[in-house]
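*Asks:* build me a model:
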Amino acid sequence: MTWFKKEKQPKQPVQDKKLRVPGGLWVKCDNCKEIIYKKEVLRNSNVCPKCGYHFRISARERLAGLFDNGIYEEVDRNILPTDPLSFKDTKPYKDRLKIYQEETGLKDAVINAVGLIGGMPCVIAAMEYSFMGGSMGSAVGEKVARACERSLIDRRPLIIISASGGARMQEGALSLMQMAKISSLLSKLHEAGIVYISILTDPTTGGVTASYAMLGDLNIAEPKALIGFAGPRVIEQTIRQTLPEVTADPLKFRDERRYADRIKDARARTGLNDAIKIGYGKLEGAGTVIAVQDFDFMGGSLGMAAGEAIVRGLELAVEKKAPFIVFAASGGARMQEGILSLMQMPRTIVGVQMLRETKQPYIVVLTNPTTGGVTASYAMLGDVQIAEPGALIGFAGARVIEQTIREKLPEGFQRAEYLKDHGMIDMVVHRHDLRPTLARLCRLLTRTPAVETASKPAPPIAVPAEIIVPAADVAPAAPHA
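*Replies:* Predicted coordinates:
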């Protein structure tokens, strides 16, 4: 008989045992998929030692890595974002800002700093992608503008490190206005002979690409950084074709048809050489330069020829000392010309600034539709912004915004009346009243008395007084053809 019996516990299977490894010791490379010791990556400047992939890093890490001994002074710290549109998607914009401010310790998506690089005083504006995707709102635009002004006043080189998804949709047209503001300041840096270097990191897209990110005296990109305007998904949905993994030559554009053939058809259909027509004549007795964008020509898209026409129209207004009026009707930048079309946005912005310095009026009439890169440049820079009733005005389309924020937009969100109610445009004018309204504004802005005219019917609008810029002489329509 057994007096003492020991109950034996069954042994746990080895496969049930979990190996506990402290978190944060290893990282996975997004490119080669290798698991790498994190300290090894940090020692290698956040670059994968296996394949050379550049991991995303914070704005503070970039500043510490660029300035001598990591020493710098942060400036312009008290600029705060606001909620001018009382925007709400799945949560109010104010709440979103508060969450990102707590997570990042920043007030918005850019840090301005001054310090020494190789012993030379420099100004750096570094964007923080982890703050709402580095999106550019009014506060970000103001901080970048102040970095430009500081560089201009102190005559120090300016470096902007871009990492952004583009303009911040929660601030509507106010975010788009930052593109023009910064571009005009950069033109002053260029005139003053002060160096501006743009560093493009992964990703740099949207309105940031279409403005200051591509205006450097030297544009530097990190290896394999995603750089563009619209994303691949939007482009593929538009052209209904899959994009190649790496585009060898972005100007050899072809969707269902060659770009050169599309241009030929648009010219035959409209009788125009491109989407912009410039005229100089009298508006109730006063000399005026007018640019008209024709939506029937490839959706009024802004390519090199159209951009050059706008610039020449502005130069003509300066020469004639006359007001400049532009009628905008466009789907945005012309994707078939790639980055060359985006370059027209800062070019036209600089042209508007040139006109403004001569104290001549610049009036914009927004017609249906005015969207994309045109809205993000010269179409929102008028001394007076006029819209036709019911005109669709915006940057991204309503469908893209709703897919992004996963919420239905308010009724009439991008229509002229909604924008007027929220302070984005000055007036909505019926087409019947447009001519006298423009004449009255030109007289008011130039302080010119009204001219007595005979009471006879005005000549037909379709007949221009004088065609100044034939688009065929401006720029090649299909640079790859």
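
*Asks:* what mean pLDDT does the strand or helix carrying residue 363 have?
*Replies:* For residue 363, the element it lies in under DSSP states H and E is strand 362-370. In this model, strand 362-370 carries a mean pLDDT of 96.

*Asks:* over to stretch 211-225?
*Replies:* Rounded mean pLDDT across stretch 211-225 is 91.

*Asks:* and it, what's buried?
*Replies:* By neighbour count, with 16 or more other Cβ atoms under 10 Å as the criterion, the buried positions of stretch 211-225 are 211, 212, 213, 214, 215, 216, 221, 222, 225. C-beta: built from backbone N, CA, C; applies to glycine.

*Asks:* the fourth one reaches residue 341, doesn't it?
*Replies:* Pointing back at residue 214 there. No: the criterion here is Cβ atoms under 8 Å, and residue 214 misses it with residue 341 at 11.3 Å.

*Asks:* quick check: residue 290 vs residue 425, distance?
*Replies:* Using Cβ to Cβ, to the nearest Å, one gets 19 Å for the distance from residue 290 to residue 425.

*Asks:* ok, now residue 343?
*Replies:* Distance, residue 343 to residue 425, by Cβ to Cβ: 27 Å.

*Asks:* wait, residue 217 sits on residue 196?
*Replies:* Yes: contact criterion Cβ under 8 Å: residue 217 and residue 196 qualify, at 5.3 Å.

*Asks:* following the strand holding residue 363, which helix or strand shows up next?
*Replies:* Next in sequence after strand 362-370, counting helices and strands by DSSP H and E, comes helix 372-375.

*Asks:* buried residues of stretch 199-206, list them for me.
*Replies:* Here stretch 199-206 shows 199, 200, 201, 202, 203, 204, 205, 206 as buried, counting by 16+ other Cβ under 10 Å.

*Asks:* most widely separated two among those?
*Replies:* 199 and 206 (17.1 Å; Cβ to Cβ).

*Asks:* pick the one among the buried residues of stretch 211-225 closest to residue 116.
*Replies:* Nearest to residue 116 among these is residue 216, at 20.5 Å by Cβ to Cβ.

*Asks:* just name the shakiest helix or strand of the chain by mean pLDDT.
*Replies:* helix 232-239 (a mean of 66; mean pLDDT, DSSP states H and E).

*Asks:* heading C-terminal from it, find the next helix or strand.
*Replies:* Counting by DSSP H and E, what follows helix 232-239 is helix 259-270.

*Asks:* going by neighbour count, list what's buried in that next one.
*Replies:* Result for helix 259-270 [16+ other Cβ under 10 Å]: buried residues 259, 260, 262, 263, 266, 267, 270.

*Asks:* can you tell me which of these lies closest to residue 122?
*Replies:* Nearest to residue 122 among these: residue 259, at 41.2 Å, using Cβ to Cβ.

*Asks:* quick one: residue 75 from residue 43, how far?
*Replies:* Distance of residue 75 to residue 43, computed by Cβ to Cβ: 31 Å.

*Asks:* more neighbours: which of these two?
*Replies:* Higher neighbour count among residue 75 and residue 43: residue 75, with 16 against 11, using other Cβ atoms under 10 Å.

*Asks:* if I read this right, that one contacts residue 151, doesn't it?
*Replies:* No: taking contacts as Cβ under 8 Å, residue 75 lies outside contact range of residue 151: 11.5 Å.

*Asks:* residue ranges in the stretch 251-400 of the chain under the pLDDT threshold?
*Replies:* For the stretch 251-400 of the chain, applying pLDDT under 70 flags the ranges 251-256.

*Asks:* ok, which stretches of it are strands?
*Replies:* 276-283, 286-293, 324-330, 362-370, 384-387 (DSSP state E, counting those that start in this stretch).

*Asks:* what residues does stretch 104-113 touch?
*Replies:* Stretch 104-113 is contacted by residues 59-60, 63, 67, 72-77, 79-81, 100-101, 123-137, 139-140, 143-144, 146-147, 150, 164 when judged by Cβ atoms under 8 Å, 6 or more residues apart in numbering.

*Asks:* which members of the residues you listed are classed as buried?
*Replies:* Buried by 16+ other Cβ under 10 Å: 59-60, 63, 67, 72, 75-76, 79, 81, 100, 123-129, 131-137, 139-140, 143-144, 146-147, 150, 164, out of these.

*Asks:* domain ranges for the chain?
*Replies:* 31-228, 273-452+460-473 (automatic domain parsing).

*Asks:* residue closest to the middle of the chain?
*Replies:* Nearest to the geometric centre of the chain sits residue 207, at 1.4 Å (Cα atoms, centre = their mean).

*Asks:* quick check: that residue is in a helix.
*Replies:* Yes: looking at residue 207 with DSSP: H, G, I helix; E, B strand; the rest coil, it is inside a helix.

*Asks:* model confidence score at it, please.
*Replies:* 85.

*Asks:* isn't it right up against residue 166?
*Replies:* Yes: using Cβ under 8 Å, residue 207 is in contact with residue 166, at 4.5 Å.

*Asks:* quick check, nearest of the buried residues of stretch 199-206 to residue 377?
*Replies:* The closest of these to residue 377 turns out to be residue 206 (Cβ to Cβ; 13.1 Å).

*Asks:* any idea how many residues pack against the closest residue to that closest one other than its chain neighbours?
*Replies:* Once flanking residues are discounted, residue 206 sits nearest to residue 166: 1.7 Å by Cβ to Cβ, 6 or more residues apart in numbering. Neighbour count for residue 166, taken as other Cβ under 10 Å: 28.

*Asks:* next one: residue 166 relative to residue 229, how far apart?
*Replies:* To residue 229, residue 166 is 8 Å away according to Cβ to Cβ.

*Asks:* overlap in contacts of these two?
*Replies:* Residues within reach of residue 166 and of residue 229 at once, by Cβ under 8 Å, 6+ apart, are 205, 206, 209.

*Asks:* can I get those in a markdown table including distance to residue 366?
*Replies:* Output for the shared contacts of residue 166 and residue 229, formatted as a markdown table (distance: Cβ to Cβ, whole Å):
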| residue | distance to residue 366 |
| --- | --- |
| 205 | 25 |
| 206 | 21 |
| 209 | 23 |
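
*Asks:* contacting residues for the residue nearest to residue 321 when sequence neighbours are not counted?
*Replies:* Using Cβ to Cβ, 6+ apart and skipping the chain neighbours, the partner closest in space to residue 321 is residue 360 (6.5 Å). Residue 360 makes contact with 317, 318, 321, 322, 323, 324, 446, according to Cβ under 8 Å, 6+ apart.

*Asks:* any idea how far residue 360 is from residue 404?
*Replies:* Separation of residue 360 from residue 404 (Cβ to Cβ) stands at 39 Å.

*Asks:* where is the longest helix in the chain?
*Replies:* helix 173-191 (DSSP state H).

*Asks:* check which residues of that one are buried.
*Replies:* 173-187, 189.

*Asks:* that one packs against which elements?
*Replies:* Applying 3 or more Cβ pairs under 8 Å, 6 or more residues apart in numbering; DSSP states H and E, we find helix 173-191 packed against helix 138-154, strand 196-204, helix 206-209, helix 344-357.

*Asks:* could you pull out the strands for the stretch 1-150 of the chain?
*Replies:* Applying DSSP E, counting those that start in this stretch to the stretch 1-150 of the chain gives strands spanning 26-28, 35-37, 72-75, 110-117, 120-127.
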